[in-house]
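# Fold the following and give me the result.
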Amino acid sequence: MLEPLGEDRTRLLVRGRTGGDPRRWVARMFGQLIEFPHFVMERKMLLGVKERAERRR
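Numbering: from 1, shown residues only. Below is the predicted model of the structure:
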């Protein structure tokens, strides 16, 4: 989602959702296992988006 912040600025909002029953230990363990690598991957992807957007100015 893009949120306008003025005439020449925009904020990109990223949301995520997971499935599974959080009461089950397997679902909780999988979520914990995947959380950090997902953060690293998503951050790198968003920094690439930022770089390309700023290059177009």
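
# those helices in this protein, which residues are they?
Taking DSSP state H, the helices of the chain run over residues 25-55.

# list the contacts for the residue lying closest to residue 1 once chain neighbours are set aside?
Excluding the flanking residues, the one nearest residue 1 by CB to CB, 6 or more residues apart in numbering is residue 13, at 4.5 Å. C-beta here means a position set from N, CA and C on the backbone, and glycine is covered the same way. Listed by CB atoms under 8 Å, 6 or more residues apart in numbering, the contact partners of residue 13 are 1-3.

# Return the member of the residues you listed nearest to residue 42.
Residue 42 has its nearest neighbour among the contacts of residue 13 in residue 1, at 14.9 Å by CB to CB.

# So what's the residue count around the closest one?
Residue 1 sits with 7 neighbouring residues when counted by other CB atoms under 10 Å.

# Wait, it touches residue 10, no?
No: with contact defined as CB atoms under 8 Å, residue 1 does not count as touching residue 10 (10.2 Å).

# so where is this protein shaky, pLDDT-wise?
57 (pLDDT under 70).

# Out of the contacts of residue 13, list just those in strands.
2-3 (DSSP state E).

# what would the contacts of residue 13 look like in CSV with distance to residue 53?
Output for the contacts of residue 13, formatted as CSV (distance: CB to CB, whole Å):
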residue, distance to residue 53
1, 15
2, 10
3, 14
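
# Out of the contacts of residue 13, which is nearest to residue 19?
Looking across the contacts of residue 13 and measuring by CB to CB, the closest to residue 19 is residue 1, at 20.9 Å.

# Contacts only, for the closest one.
12-13, 15.

# Next: residue 43.
Per CB under 8 Å, 6+ apart, neighbours of residue 43: none.

# same deal with residue 14?
42, 46.

# How much space separates it from residue 21?
The gap separating residue 14 from residue 21 is 25 Å, by CB to CB, to the nearest Å.
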